[in-house]
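>>> sequence and predicted structure, then a few things I'm wondering about:
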Amino acid sequence: MDAGPERCRTCAVVGNSGNLKGSHYGALIDSSDVIIRMNKAPTSGYEQDVGSRTTHHIMYPESAIDLDNTTSLVLFPFKTLDLQWLPGAITNGSHITFSRTRLRAKIKANKDLVRVLNPVFMKYVHEVWLDYYGKYPSTGFMALILALHICDEVNVYGFGKDGNGNWHHYWETLTNKKLKTGNHPGDYEYNVTRKLSEIHKLEIYKGW
Ligand code: C5P
């Protein structure tokens with residue numbers, strides 16, 4: 001593909017929904033310029049449905065995983081402790097090892113590719129895009145809004161609850177049958193996403 005400012009930059013935002021299972025979206029996702037995954041999202045063993053490339057991996061300390069050397073770690077800070085955890089975690093080990101849950105003191109990530117989202121972005125998304133519904137926006141919805149700001153074409157994969165209204169994951173069987181969409185306004189977020197697709201600001205790949 002041609003480089004340069006004229007080129008259309010395609011972005012795949014890959015949420016963690018179980019609707020990716022059996023979707024065969026892997027090749028399509030991998031053909032994007034920017035591939036954004038988040039939290040615990042594994043690719044190994046799921047390539048056919050979710051792809052294998054990740055250009056940006058969004059996380060916060062509680063959801064941190066090891067990354068390969070070419071993937072950019074994007075920290076979405078939810079609290080001050082998240083910012084304090086990061087420098088140690090990607091170098092010699094953080095002294096911060098507990099927050100809401102146990103934290104990994106150290107993760108593998110290329111420290112030259114680390115980015116940190118301005119914390120005000122969460123407030124902006126909650127206020128402007130969700131009209132303050134729910135406690136705070138989900139990681140996936142923030143990723144999607146971020147993509148709208150930085151990409152020319154946004155394709156959305158792996159968003160959508162299961163038949164019982166729970167946010168299930170493609171790599172595991174849900175144990176908490178009362179999960180729903182956690183602290184997040186999942187249905188409101190999905191409606192906004194659908195409206196954005198109706199006016200062709202993004203495309204939703206529904207999965208199965
Ligand atoms: O569960 P987790 O927060 O790691 O999932 C990442 C994001 O994917 C969520 O924040 C949510 O926006 C989206 N998701 C979804 N439907 C699911 C699971 C996750 O829309 N079943």
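Done, it's in. Residues are numbered from 1 along each chain as shown.
>>> so Leu144 touches Leu202, yeah?
Yes. With contact defined as C-beta atoms under 8 Å, Leu144 counts as touching Leu202 (7.2 Å). Heads up, the C-betas are built off the backbone N, CA and C, glycines and all.
>>> of these two, who's got more company?
Shown here are Leu144 and Leu202; by other C-beta atoms under 10 Å, Leu144 has more neighbours (26 against 20).
>>> would you say that one is within a strand?
No. Per DSSP: H, G, I helix; E, B strand; the rest coil, Leu144 lies outside any strand segment and is helix.
>>> returning to what we had before: mind listing the shared neighbours of Leu144 and Leu202?
Shared contacts of Leu144 and Leu202, defined by C-beta atoms under 8 Å, 6 or more residues apart in numbering, comprise 154, 156, 193.
>>> pretty sure the first one is touching Ala147, no?
The one in question is Val154. Yes. Using C-beta under 8 Å, Val154 makes contact with Ala147 at a distance of 4.7 Å.
>>> which residues of the protein fall in strands?
Counting by DSSP state E, the chain has strands at residues 10-14, 34-38, 56-59, 72-75, 115-116, 153-157, 203-205.
>>> nearest to the ligand: which residue in this structure?
The ligand sits closest to Gly140 of the chain, with a gap of 2.2 Å, by C-beta to the nearest ligand atom.
>>> which residues of this protein lie near the ligand?
Within reach of the ligand by C-beta under 6 Å from any ligand atom, the chain has these residues: 15-18, 38-40, 138-141, 159-161, 167-168.
>>> one more pass at 5 Å, please.
The chain comes close to the ligand at residues 15-17, 38-39, 138-140, 159, 167-168, as judged by C-beta under 5 Å from any ligand atom.
>>> will you turn the residues you listed into a markdown table that also has distance to Leu73?
Putting the residues of the chain next to the ligand into a markdown table (distance: C-beta to C-beta, whole Å) gives the following:
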| residue | distance to Leu73 |
| --- | --- |
| Gly15 | 18 |
| Asn16 | 17 |
| Ser17 | 22 |
| Met38 | 11 |
| Asn39 | 12 |
| Ser138 | 19 |
| Thr139 | 14 |
| Gly140 | 17 |
| Phe159 | 22 |
| Trp167 | 23 |
| His168 | 25 |
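>>> turn the residues you listed into JSON lines, columns for pLDDT and neighbour count.
Shown next, in JSON lines, are these (pLDDT from 0 to 100; neighbours: other C-beta atoms under 10 Å):
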{"residue": "Gly15", "pLDDT": "98", "neighbour count": "27"}
{"residue": "Asn16", "pLDDT": "98", "neighbour count": "25"}
{"residue": "Ser17", "pLDDT": "98", "neighbour count": "21"}
{"residue": "Met38", "pLDDT": "98", "neighbour count": "24"}
{"residue": "Asn39", "pLDDT": "98", "neighbour count": "18"}
{"residue": "Ser138", "pLDDT": "98", "neighbour count": "22"}
{"residue": "Thr139", "pLDDT": "98", "neighbour count": "19"}
{"residue": "Gly140", "pLDDT": "98", "neighbour count": "25"}
{"residue": "Phe159", "pLDDT": "98", "neighbour count": "27"}
{"residue": "Trp167", "pLDDT": "97", "neighbour count": "22"}
{"residue": "His168", "pLDDT": "97", "neighbour count": "20"}
